[in-house]
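Peer 1: only geometry, no sequence info:
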Ligand SMILES: Cc1ncc(COP(=O)(O)O)c(C=O)c1O
Ligand SMILES: Nc1c(O)cccc1C(=O)C[C@H](N)C(=O)O
C-alpha cells in the first residue's frame, strides 16, 4: 500500500500536476517563517498576484484621464463589465448575455426576486433548505412579508433527512411534490455552506419546473468550485459572490445569471440607467428600455475598482484550462484529504460532507469527536500553527482545499497538525 502520509508522496503528487504552478500566482498569507496552509477559500479566496496591477491601472487611468476614462482605450469604464463577461460565462456554463457582474449576492437575490418571485394567493410559497446561510433566509423571509404573505406558512424549509444534516434528492422531490401547487419559487444552493453538499441543479430545476415554480440558485459556494452548466440546467436565475473561490477580494462585486429564455422578459424589475439599452442610454429619455439579457438588470454604473480584481482572477481560471481541469485537481486534493482522515484521523474527525465526490465540491466539513469544546480547541490549535480553516456554529470545522492554490503538502500539514493536537490533548 502506498504510504500517503509522507512528504515524498505529497511532493510527488504536487510535482506531477502542472496546475500546481498556479499557486505561485497568489499571495499566500504568512505564518511565522513560512506560509499558512490556507483552507479558507470558501470564505475569502486569496489575492491573485495580478490583482494589484489591474486595480493600479484603474487608479492611473483615473488620475490621467478623469472623465475621459469612461471612453478611452484600453479598458474604458463604460463597457467595463463586459471585460469579465466571457470569462464568467465560461465559469458558470452560460451564454455571455446570460451573465452580469453587479452589486453583491444578497442585493442581487432581492433584485432577481422582484422579477422571479411573483406570489399569488394560490401560489405564495418559497421552498428553500432548512439551515440555509442566514442572509438567504433573511432575504427570502423579508420578500414573503413584503408581498403580504406569512413566512410561517409560505416560507417552506425542507428538513435534511440524510446523514449529518445533508439532503437526499428524495427529500427535495417529496417537498416539491407535497407543496408544488403552492410554490411560486424554489431557491436552492449549489453547494450548502455548512455541510459542503453539492446538488444536482438540473434535476432540481426539472422538479421545480414540473410543479410550475420558478427555480433560482444561490451559487456562493458553487461558483469557481464546481463546473456549472447553468444554461443547460435550465435555471431561471442564479446569484453568487466573487470573493470565495473566485478570488476577487473582500466584498467583491457579485454575479447574476438570467436564463436566455427570459432575455426579453416582461416580468417586473427594479430598473436603473445601467440596465437601459446601451444604444440609447445617453439620450437621457424618461422611459426605461431594458438591455436584453442579464445586463438589463443592472442598476448603476459599476464600481470599476471593485470589478478590476475579477479580471485578474478570471485570467487564472483561463490559464488553468477552465473549470473541468480545476475540478479534476480539486477531486484529487479533496480525495487526498478524505483518504488521510480515514486512514489516520478516524478516531478524531468525522466527515460531515457526502462521501460521494459527485455530491460535494472542494470543501470537507468536519466534526470533532468529543463535541463542540474539543472542536473549538482543535480549531484554535490549528490556527495557532498557521493552518487556517473556519469554524461554523455549532460544531463544524470547514477545510476547503482550493485547486488554484492549495497543494497536497498543505493537506499533509493539516493532518499532522491534527495528529499533534490529538497527541497533546489526550
Ligand atoms: C450561501 C450564502 N448566501 C449569502 C451570502 C451573503 O453574501 P453577501 O454578503 O455577499 O450578500 C453568503 C456569504 O457571505 C453565502 O455563503
Ligand atoms: N464575507 C464574509 C465576511 O466579510 C466575514 C465573515 C465571513 C464572510 C463570508 O463570506 C462567510 C461565508 N459566506 C460562509 O459561507 O460562511
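Peer 2: Perfect, I can see it now. Because the structure is predicted, anything quoted here is derived from the model rather than measured. Ligands and ions are numbered 1, 2, ... in the order given.
Peer 1: and the helix or strand in which residue 141 is found, what does it pack against?
Peer 2: According to DSSP states H and E, residue 141 maps onto helix 134-146. Here helix 134-146 touches helix 105-116, strand 125-129, helix 151-154, strand 155-158, strand 183-189, going by 3 or more CB pairs under 8 Å, 6 or more residues apart in numbering; DSSP states H and E. Every C-beta, even on glycine, is put in place using the N, C-alpha and C of the backbone.
Peer 1: packing partners for the second one?
Peer 2: Packed against strand 125-129 by the contact rule (3+ CB pairs under 8 Å, 6+ apart) you find helix 134-146, helix 151-154, strand 155-158, helix 169-179, strand 183-189.
Peer 1: contacting residues around the last one?
Peer 2: When you say that, I think you mean strand 183-189. 109, 113, 116-120, 123-129, 132-133, 136, 140, 156, 172, 176, 199, 201, 204, 207-208, 211-222 (CB atoms under 8 Å, 6 or more residues apart in numbering).
Peer 1: wait, residue 268 sits on residue 114?
Peer 2: Yes - using CB atoms under 8 Å, residue 268 is in contact with residue 114, at 6.0 Å.
Peer 1: now do the shared contacts for these two.
Peer 2: Between them, residue 268 and residue 114 share no contacting residue, judged by CB under 8 Å, 6+ apart.
Peer 1: of these two, who's got more company?
Peer 2: Neighbours were tallied for residue 268 and for residue 114 using other CB atoms under 10 Å; the higher tally belongs to residue 114 (16 against 10).
Peer 1: okay, now the residue lying closest to that one once chain neighbours are set aside: neighbour count?
Peer 2: Closest residue to residue 114 apart from its sequence neighbours, by CB to CB, 6 or more residues apart in numbering: residue 270 at 5.1 Å. Using other CB under 10 Å, residue 270 is surrounded by 11 other residues.
Peer 1: residue of the stretch 301-426 of the chain nearest ligand 2, please.
Peer 2: Relative to ligand 2, the nearest point of the stretch 301-426 of the chain is residue 392 (6.3 Å; CB to the nearest ligand atom).
Peer 1: and the pLDDT at that residue?
Peer 2: pLDDT for residue 392: 91.
Peer 1: need phi/psi at it.
Peer 2: phi -120, psi 120 (degrees, to the nearest 10).
Peer 1: that one bridge partners, please.
Peer 2: With beta bridges defined as DSSP bridges, residue 392 has these partners: residue 396.
Peer 1: what's near enough to touch it?
Peer 2: Taking CB under 8 Å, 6+ apart, we find residue 392 in contact with 193, 194, 365, 398.
Peer 1: which among the residues you listed gets closest to ligand 1?
Peer 2: Checking these against ligand 1 by CB to the nearest ligand atom gives residue 193 as the nearest, at 4.6 Å.
Peer 1: surely the closest one is within a strand?
Peer 2: No - Residue 193 is assigned coil when assessed by DSSP: H, G, I helix; E, B strand; the rest coil, not a strand.
Peer 1: excluding chain neighbours, what is closest to it?
Peer 2: residue 133 (4.9 Å).
Peer 1: likewise residue 307?
Peer 2: Nearest one to residue 307, counting by CB to CB, 6+ apart, is residue 253 at 5.2 Å.
Peer 1: the residue nearest to residue 193 reaches residue 220, doesn't it?
Peer 2: Yes - counting by CB under 8 Å, residue 133 touches residue 220, with 7.0 Å between them.
Peer 1: in this structure, what residue comes closest to ligand 2?
Peer 2: Counting by CB to the nearest ligand atom, the chain gets nearest ligand 2 through residue 193, at 3.8 Å.
Peer 1: give me the buried positions along stretch 289-299.
Peer 2: 290, 291, 293, 294, 295, 296, 297, 298, 299 (16 or more other CB atoms under 10 Å).
Peer 1: same thing with stretch 410-419?
Peer 2: Those buried within stretch 410-419 under the rule 16+ other CB under 10 Å are 410, 411, 412, 413, 414, 415, 416, 417, 418.
Peer 1: ok, residues contacting whichever strand or helix holds residue 58?
Peer 2: Assessed by DSSP H and E, residue 58 sits inside helix 51-65. For helix 51-65, contacts defined as CB under 8 Å, 6+ apart pick out 69, 72, 75, 247-249, 304-305, 308-309, 311-313.
Peer 1: and those residues, which two are furthest apart?
Peer 2: Comparing all pairs in these by CB to CB, the longest separation belongs to 72 and 247, at 28.2 Å.
Peer 1: farthest-separated two in the contacts of residue 392?
Peer 2: Maximum pairwise distance in those, criterion CB to CB, is 9.2 Å, between 193 and 365.
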